[in-house]
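Undergrad: Test case, fold it:
(2 chains)
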There are 2 protein chains.
Amino acid sequence: MRVSVPLKDAYRLLNHGPTTLVSTCEPSGAKPNVMAAAWAMAIDFEPPKVAVVVAQGTYTRELLERNAELVLSLPTVAMIDDVYLVGTKSGREIDKWKVLSAEKATKVRPPLIGGCVGWLECVVIQEPSVREKYDLVIAEVVAAWADDAVYREREWRFEKDDPRRTIHHLARGTFFATGERVEAKKV
Amino acid sequence: MRVSVPLKDAYRLLNHGPTTLVSTCEPSGAKPNVMAAAWAMAIDFEPPKVAVVVAQGTYTRELLERNAELVLSLPTVAMIDDVYLVGTKSGREIDKWKVLSAEKATKVRPPLIGGCVGWLECVVIQEPSVREKYDLVIAEVVAAWADDAVYREREWRFEKDDPRRTIHHLARGTFFATGERVEAKKV
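TA: So this is what the prediction gives:
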């Protein structure tokens, strides 16, 4: 079940460095698009902020320039074929909604992606200089959600071999699943 | 054995989102320091660039303001106690070189961290605006290295249960090991 994650914990969804899906749309909410992005990370706790690289020339970037909102969804091992497909083909070429499903977000117009296990609804902060120079988009998280099958008591709780584990892209369709939990000695 | 990674492949070391150690030093090379950073990612392929969050007030940030160089080292499961320690205590309070070892870099003055499996030697690109506003440091990778026990043929090759797997911080000393490799269908 999708449950709300307090904004102060939003960084916990992204902290382990999973690959993300970035969704965007027209200002009217029309023509939602989605691309895969391994280059996304938390950059602040509260209010939570993220940075994500969205290359110039992509349809996602074009939509972002018109509507300064995005959703980061966290896909799973079960979804890698679809993640790789939407990461390599443009929404100008294929209909990505043939393989992925869109669900309504609460605070922004771009959709959450169905089947994912974490979602961050974000409003872009206008930083045109780093966007032009580095394709770096900075955004504030305004709502966060997680699937309580794998996120409980403020932490990811992945079972061994669970197809709902998050994924980490290496290159060219090779991913790593998120592995076992290890605890450091408290200091 | 530590082997050179071509700069065009440097992003492959970081692409799966591992936690990093950031080392810095005085312009003379003196007083090297190291902190843990989960908020580090690749932002470009060639020339390779990275973005890393280094909070204002930290000793690492103070050194970076004086010497615009850093090394990102990728620690392992075997090192989590030390990673958590150097991520929670300041180099102003403790001598971090009692738990970690420094090895000479080739193109920059801050050291590589011994026992790690990947290293990115970086020169900071001056972007004072995002550094002030978001603690975001942008840097170009000028040399990259990996341990060929776990990185071969342009890819991480982690064996199951290998203590040399990279790690992904969730929060407060809880990490995930990098898990098994999964391959997407090629499109």
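Undergrad: is stretch A:126-133 anywhere near chain B?
TA: Yes - using C-beta under 8 Å from any C-beta of the partner chain, stretch A:126-133 comes into contact with chain B via A:127, A:129-130. Where you see a C-beta, it was placed from the backbone N, CA and C, and this is true even at glycine.
Undergrad: Buried only: go through those for me.
TA: For the residues of stretch A:126-133 next to chain B, a burial check counting by 16 or more other C-beta atoms under 10 Å in any protein chain shown picks out A:127, A:130.
Undergrad: Residue A:122 - nearest residue in space that isn't next to it in sequence?
TA: Excluding the flanking residues, the one nearest residue A:122 by C-beta to C-beta, 6 or more residues apart in numbering or on different chains is residue A:139, at 3.8 Å.
Undergrad: Now do the contacts for that neighbour.
TA: Counting by C-beta atoms under 8 Å, 6 or more residues apart in numbering or on different chains, residue A:139 makes contact with A:49-52, A:70, A:122-125.
Undergrad: chain center to the host helix or strand of it, what's the gap?
TA: For residue A:139, the host element (DSSP states H and E) is strand A:136-147. Counting by C-alpha atoms, centre = their mean, to the nearest Å, strand A:136-147 is centred 8 Å from the centre of its parent chain.
Undergrad: Direction included, what does it pair against?
TA: strand A:2-4 (antiparallel), strand A:49-53 (antiparallel), strand A:118-125 (antiparallel) (DSSP bridges).
Undergrad: Distance to residue B:45 added to those strands, as a markdown table?
TA: Formatted as a markdown table, the strands paired with strand A:136-147 follow (distance: least, C-beta to C-beta, whole Å):
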| stretch | distance to residue B:45 |
| --- | --- |
| strand A:2-4 | 35 |
| strand A:49-53 | 10 |
| strand A:118-125 | 23 |
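Undergrad: Any chance of a markdown table for those strands, columns mean pLDDT and mean neighbour count?
TA: Rendered in a markdown table, the data for these read as follows (pLDDT from 0 to 100; neighbours: other C-beta atoms under 10 Å in any protein chain shown):
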| stretch | mean pLDDT | mean neighbour count |
| --- | --- | --- |
| strand A:2-4 | 98 | 13 |
| strand A:49-53 | 98 | 24 |
| strand A:118-125 | 98 | 24 |
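Undergrad: what sits opposite the residue nearest to residue A:122 in the beta ladder?
TA: With DSSP bridges as the rule, residue A:139 is bridged to residue A:50, residue A:124.
Undergrad: What distance do you get for it to chain B?
TA: 11 Å (C-beta to the nearest C-beta, to the nearest Å).
Undergrad: and the closest residue to residue A:45 other than its chain neighbours, what helix or strand is that in?
TA: Spatially, and ignoring its direct neighbours in sequence, residue A:45 is nearest to residue A:11 (5.6 Å; C-beta to C-beta, 6+ apart). Assigned by DSSP H and E, residue A:11 belongs to helix A:10-14.
Undergrad: and after that helix, which helix or strand comes next?
TA: strand A:20-24.
Undergrad: Downstream of that next one, the next helix or strand is which one?
TA: strand A:33-37.
Undergrad: helices and strands around that following strand, which ones?
TA: Strand A:33-37 sits against strand A:20-24, helix A:59-66, helix A:80-88, with contacts defined as 3 or more C-beta pairs under 8 Å, 6 or more residues apart in numbering or on different chains; DSSP states H and E.
Undergrad: Could you give me the buried positions within the helix holding residue A:11?
TA: Across helix A:10-14, burial judged by 16+ other C-beta under 10 Å covers A:10-14.
Undergrad: got it, and stretch A:25-41?
TA: Buried, per 16+ other C-beta under 10 Å, within stretch A:25-41: A:25, A:32-41.
Undergrad: I'd like those residues as CSV, with pLDDT and distance to residue B:134 appended.
TA: Below are the buried residues of stretch A:25-41 laid out as CSV (pLDDT from 0 to 100; distance: C-beta to C-beta, whole Å):
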residue, pLDDT, distance to residue B:134
A:25, 98, 26
A:32, 97, 28
A:33, 97, 26
A:34, 97, 26
A:35, 97, 23
A:36, 97, 24
A:37, 98, 18
A:38, 98, 20
A:39, 98, 16
A:40, 98, 15
A:41, 98, 12
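Undergrad: looking at the helices and strands packed on strand A:33-37, which is buried most?
TA: Mean neighbour count (mean count of other C-beta atoms under 10 Å in any protein chain shown) peaks for strand A:20-24 among those, with a mean of 29.
Undergrad: Which strands or helices does that one pack on?
TA: Using 3+ C-beta pairs under 8 Å, 6+ apart: strand A:20-24 touches strand A:33-37, helix A:59-66, strand A:69-74, strand A:112-113.
Undergrad: Just the closest of the buried residues of helix A:10-14 to chain B, please.
TA: For the buried residues of helix A:10-14, the residue nearest chain B by C-beta to the nearest C-beta is residue A:12; the value is 5.4 Å.
Undergrad: Look up the closest residue to the closest one, ignoring the ones flanking it.
TA: Nearest one to residue A:12, counting by C-beta to C-beta, 6+ apart, is residue B:171 at 5.4 Å.
Undergrad: The one you found contacts residue A:15, correct?
TA: Yes - between residue B:171 and residue A:15 a contact is recorded at 6.3 Å, counting by C-beta atoms under 8 Å.
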